[in-house]
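Undergrad: predicted model follows, preceded by the sequence.
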Amino acid sequence: MVVNQGDPEQEKPKSIQSDLATAYRNLGNYIGLGTQIAASFAFFVFVGNWVDEQLHTRPLFLLVGVAMGMVGMIVLLLRTTEEANKKKNNP
């Protein structure tokens, strides 16, 4: 059987695994972003809680930790969207 190299209708069908691998490659940065957000938020909350336990100032530093975690998440999201826009505009 001879396959015409230039005819897109004659191309081999893609497998589900290759489609899934391509999707994960394209979404890899965003999957990692979710992990970074969760880890950084948890870090600030746990540190704030630990400081409150040491100084007996509950919930002051826990709230400070939550606020710092939220600010960190916003900064991370803004940086990620800025990088994505740069990649989109400059292929």
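TA: Structure received.

Undergrad: which strands or helices does the strand or helix carrying Leu78 pack on?
TA: According to DSSP states H and E, Leu78 maps onto helix 60-89. With contacts taken as 3 or more C-beta pairs under 8 Å, 6 or more residues apart in numbering; DSSP states H and E, helix 60-89 sits against helix 16-55. Backbone N, C-alpha and C define where each C-beta goes, glycine included.

Undergrad: for the helix it packs on, which positions count as buried?
TA: Of the residues in helix 16-55, Leu33, Ile37, Ser40, Phe41, Phe44, Val45, Val47, Gly48, Asn49, Val51, Asp52 count as buried by neighbour count, 16 or more other C-beta atoms under 10 Å.

Undergrad: tabulate the residues you listed in a markdown table, adding columns for distance to Asn90.
TA: Below are the buried residues of helix 16-55 laid out as a markdown table (distance: C-beta to C-beta, whole Å):
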| residue | distance to Asn90 |
| --- | --- |
| Leu33 | 21 |
| Ile37 | 26 |
| Ser40 | 28 |
| Phe41 | 31 |
| Phe44 | 34 |
| Val45 | 37 |
| Val47 | 38 |
| Gly48 | 40 |
| Asn49 | 43 |
| Val51 | 44 |
| Asp52 | 46 |
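
Undergrad: and these, which is closest to Ala84?
TA: Leu33 (10.1 Å; C-beta to C-beta).

Undergrad: what's the closest non-adjacent residue to the closest one?
TA: Thr80 (5.6 Å; C-beta to C-beta, 6 or more residues apart in numbering).

Undergrad: can you tell me how far that neighbour sits from Asn49?
TA: From Thr80 over to Asn49 the distance is 27 Å, taken as C-beta to C-beta, to the nearest Å.

Undergrad: would you put the C-alpha positions of stretch 35-43 in CSV?
TA: Presented in CSV, the C-alpha positions along stretch 35-43 are these (Å, rounded to 0.1, in the frame of the first residue of the first chain):
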residue,chain,number,x,y,z
THR,A,35,0.6,22.6,43.0
GLN,A,36,2.6,25.8,43.6
ILE,A,37,-0.4,27.7,44.8
ALA,A,38,-1.5,25.0,47.2
ALA,A,39,1.9,24.5,48.6
SER,A,40,2.7,28.2,49.1
PHE,A,41,-0.7,28.9,50.7
ALA,A,42,-0.3,25.9,53.0
PHE,A,43,3.2,27.0,54.0
